[in-house]
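*Asks:* with the input below, show me the fold.
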Amino acid sequence: MAGKGFGPLGKMKELADAFKKAQEVQAGAQQLQNELEQMEIEGTSEDGLVKVVMSGNQEPRRVEISPDAMSQGADTLSASVSAAMTSAYEQSTELMRGRMEELTSGLNLPGM
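*Replies:* Residues are numbered from 1 along each chain as shown. As a prediction, the model looks like this:
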């Protein structure tokens, strides 16, 4: 049973390994945060007349509205902006979730 966490020395090795992995995850999380800040994620309305761009960590960058969208009236334009924002938000959330799953793979964290 040696090497399987048997006895006090095995537990110390497990603890040291867990600590090392936690440090790796922390470093990876910082790198991921830096990458997300630099990314641009685009969400568009269904008609393609409105585009919202946000960073990978969901900070708004810009909104691009086609001149054709302006002629559709305030309610329609508002709905198009909301749809584009939702699209960008969903893409960034999915990206962050996937990257965090990659980062924490191999850890046995409750609730992850």
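*Asks:* the bottom helix or strand of this structure by mean pLDDT?
*Replies:* Every helix and strand in the chain was compared by mean pLDDT, DSSP states H and E; the lowest is helix 7-38, with a mean of 81.
*Asks:* contacts for the helix or strand following that helix, please.
*Replies:* Moving toward the C-terminus from helix 7-38, the next helix or strand (DSSP states H and E) is strand 41-44. Contact with strand 41-44 is made by 50-56, 83-92, 95, as judged by CB atoms under 8 Å, 6 or more residues apart in numbering. Glycine gets a C-beta too; all of them are placed from N, C-alpha and C.
*Asks:* which SSE is immediately downstream of strand 41-44?
*Replies:* Per DSSP H and E, the first helix or strand lying C-terminal to strand 41-44 is strand 50-54.
*Asks:* list the buried residues of that following strand.
*Replies:* Within strand 50-54, the residues that count as buried by 16 or more other CB atoms under 10 Å are 50-54.
*Asks:* that one pairs with which strands, and in what direction?
*Replies:* strand 41-44 (antiparallel), strand 60-65 (antiparallel) (DSSP bridges).
*Asks:* looking at these, which is closest to A74?
*Replies:* Nearest to A74, of all the strands paired with strand 50-54, is strand 60-65, at 12.0 Å by CB to CB.
*Asks:* and the closest one, what's its mean pLDDT?
*Replies:* For strand 60-65, mean pLDDT is 96.
*Asks:* what about the residue nearest the centre of the chain, is that helix, strand or coil?
*Replies:* Centrality entry for the chain: nearest residue to the mean C-alpha point is M96, 1.5 Å, by CA atoms, centre = their mean. The assignment at M96 comes out as helix when based on DSSP: H, G, I helix; E, B strand; the rest coil.
*Asks:* read off the pLDDT value for it.
*Replies:* pLDDT, M96: 87.
*Asks:* thinking it is in contact with M39, fair?
*Replies:* No. M96 is not in contact with M39 according to CB atoms under 8 Å; the separation is 10.1 Å.
*Asks:* next, show the common contact partners of these two.
*Replies:* Common neighbours of M96 and M39 (CB under 8 Å, 6+ apart) are G56.
*Asks:* adding distance to A18 and pLDDT, write the buried residues of strand 50-54 out as JSON lines.
*Replies:* Below are the buried residues of strand 50-54 laid out as JSON lines (distance: CB to CB, whole Å; pLDDT from 0 to 100):
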{"residue": "V50", "distance to A18": "47", "pLDDT": "97"}
{"residue": "K51", "distance to A18": "44", "pLDDT": "97"}
{"residue": "V52", "distance to A18": "41", "pLDDT": "97"}
{"residue": "V53", "distance to A18": "40", "pLDDT": "97"}
{"residue": "M54", "distance to A18": "35", "pLDDT": "95"}
